[in-house]
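Student: what's the 3D shape of this:
(chains A and B)
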There are 2 protein chains.
Amino acid sequence: MTRAQIKYIRSLSLKKFRRETGHFVVEGHKMVEELLDSDFVVEEIYTDQPFSSPRSGMSVVPAKAAELQEVSGMATSPGIMAICRQKTWNFIEPQQLSGMTLLLDSIVDPGNLGTIIRSADWFGIDQVICSIDTVEVYNPKVVQSTMGSVFRIPVVYMDLTTTIGQLKAAGIPVMGADASGTDYRKVQRNSKCGLVIGSESHGISAAVKSQLNQLIGIPGSGNAESLNAAIAAAILCAYFAN
Amino acid sequence: MTRAQIKYIRSLSLKKFRRETGHFVVEGHKMVEELLDSDFVVEEIYTDQPFSSPRSGMSVVPAKAAELQEVSGMATSPGIMAICRQKTWNFIEPQQLSGMTLLLDSIVDPGNLGTIIRSADWFGIDQVICSIDTVEVYNPKVVQSTMGSVFRIPVVYMDLTTTIGQLKAAGIPVMGADASGTDYRKVQRNSKCGLVIGSESHGISAAVKSQLNQLIGIPGSGNAESLNAAIAAAILCAYFAN
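Tutor: Numbering: from 1, shown residues only, chains lettered A, B, ... in the order given. A predicted model of the protein is given here:
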């Protein structure tokens, strides 16, 4: 690897440079495999192992283990890394939806966003809509914790109040997860619906909350004050989208 | 703070020193509040803010913000930190159980263990049994991601095959989460049960699997290969312990 390549890849750990270049980093064999199965554009693959790309004409750069370690965002480099192009997904219009739309109101923890995208992919959610201030989906920690689902699930950043308005106008009910809400197991399931998950520290914002058809809660008989946001999202997806 | 105090606290980021001293670190106002509501023994509290301890005779050490940042395990120190004594919980014997025992087979990610303990506390799980090779509960990332539930939920490290044998001998069925298992929504709920969650990369080990009464799975209609371990644990706790 050249010094310029090393410097470039390291710069992609910063949001500023990811935004300027439109690139992001993917690490590990499984992740790169899932990337190559997707329609994401791959710029280069760096690896210290024999690797034959299934895509013709793709640039595979042989690298030393120490160089990969130097550019890796992980504690131990898995020995393979891809630089690829960010994809801008389109909002799936209400008329085209077949199931659930997940809406995230200011999720800030990268692991939570990644895990939510992975669960969304497991349960066959149509799309994930993120408020503008939700953590960036191409943050390396988000990408890695999706375990490849980031290449499959549409993730769109847009104003939530606008989106909720569109869903409701098309007759799709939008619920929100909130501790004060109705026990989710008593709520009518619809084949199409929207579900809002609020931020880790403040829950759903007042402006969004006022638009919702219903608040739903996950009752617990223990003593914790709340559930983790990704956990709440998954329990509700398991019930409403399954 | 003295240099010795700073050095001591920093050493507690390593498992070796946590084991030698029997101490661990708790950070943040909410966490320290939950700690003081528990029966965990507090050695010292360091803070740069006015703080009156609800426990008489407890040592509260005034510290500078820069010192707290130097010893903090978080990106930004929340301005308060406690050093406390590890508690060794006792295994709750099968006869004393009232609900679910969660058994973790080699969970290695600290965030996953912490989140599982938090969910266990939400759903009123009796105890969490960890295989000997599961990540240490007093790892700072585990502690912080429990959001205080680490002070309430018994977490015991012991051989899982022994534990499962004891539960079964007392007539308590033990299930395991596995993608090949029966759809969990078709499984009989018992007021008392055991549930094994396997490791992030290898699932439940063969020795443990052979002991189980039943394997249960969480079906999904999407394309992800698996669910995160903490997510699977929570979905199953929501169903079986609620």
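
Student: quick one, strands of chain A?
Tutor: A:23-27, A:42-47, A:59-62, A:80-85, A:100-104, A:127-130, A:155-157, A:174-183, A:193-197, A:214-217 (DSSP state E).

Student: What ranges in chain A fall below the confidence cut-off?
Tutor: Scanning chain A for pLDDT under 70 picks out nothing.

Student: let's see 90
Tutor: Applying pLDDT under 90 to chain A flags residues A:50-59, A:191, A:242.

Student: Quick check: residues of it near chain B?
Tutor: Within chain A, the positions adjacent to chain B are A:111, A:115, A:118-125, A:145, A:147-149, A:152, A:218-228, A:230-231, A:234-235, A:238, A:241-242 by Cβ under 8 Å from any Cβ of the partner chain. Backbone N, C-alpha and C define where each C-beta goes, glycine included.

Student: Among those residues, which lie within helices?
Tutor: Using DSSP state H, the members of the residues of chain A next to chain B that fall within helices are A:111, A:115, A:118-122, A:145, A:230-231, A:234-235, A:238.

Student: now the most centrally placed residue in chain A: how far from residue A:154?
Tutor: For chain A, the residue sitting closest to the mean C-alpha position, by Cα atoms, centre = their mean, is residue A:117 at 4.0 Å. Noted for residue A:117: a distance of 10 Å to residue A:154, by Cβ to Cβ, to the nearest Å.

Student: Check residue A:230 too.
Tutor: 18 Å.

Student: can you check residue A:4 too?
Tutor: 34 Å.

Student: want to try CSV for the strands of chain A, with mean neighbour count as columns?
Tutor: Shown next, in CSV, are those (neighbours: other Cβ atoms under 10 Å in any protein chain shown):
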stretch, mean neighbour count
strand A:23-27, 23
strand A:42-47, 20
strand A:59-62, 14
strand A:80-85, 21
strand A:100-104, 26
strand A:127-130, 25
strand A:155-157, 20
strand A:174-183, 18
strand A:193-197, 25
strand A:214-217, 18
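
Student: Make JSON lines out of these and add distance to residue A:71.
Tutor: Converted to JSON lines, the strands of chain A look like this (distance: least, Cβ to Cβ, whole Å):
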{"stretch": "strand A:23-27", "distance to residue A:71": "8"}
{"stretch": "strand A:42-47", "distance to residue A:71": "8"}
{"stretch": "strand A:59-62", "distance to residue A:71": "11"}
{"stretch": "strand A:80-85", "distance to residue A:71": "7"}
{"stretch": "strand A:100-104", "distance to residue A:71": "30"}
{"stretch": "strand A:127-130", "distance to residue A:71": "27"}
{"stretch": "strand A:155-157", "distance to residue A:71": "25"}
{"stretch": "strand A:174-183", "distance to residue A:71": "38"}
{"stretch": "strand A:193-197", "distance to residue A:71": "33"}
{"stretch": "strand A:214-217", "distance to residue A:71": "44"}
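
Student: and residue A:138, what does it touch?
Tutor: Contacts were defined as Cβ atoms under 8 Å, 6 or more residues apart in numbering or on different chains; by that measure residue A:138 touches A:18, A:24, A:86.

Student: For it, which non-adjacent residue is closest in space?
Tutor: residue A:24 (3.9 Å; Cβ to Cβ, 6 or more residues apart in numbering or on different chains).

Student: any idea how far stretch A:230-242 is from the chain center?
Tutor: From the chain centre to the centre of stretch A:230-242 is a distance of 15 Å (Cα atoms, centre = their mean, to the nearest Å).
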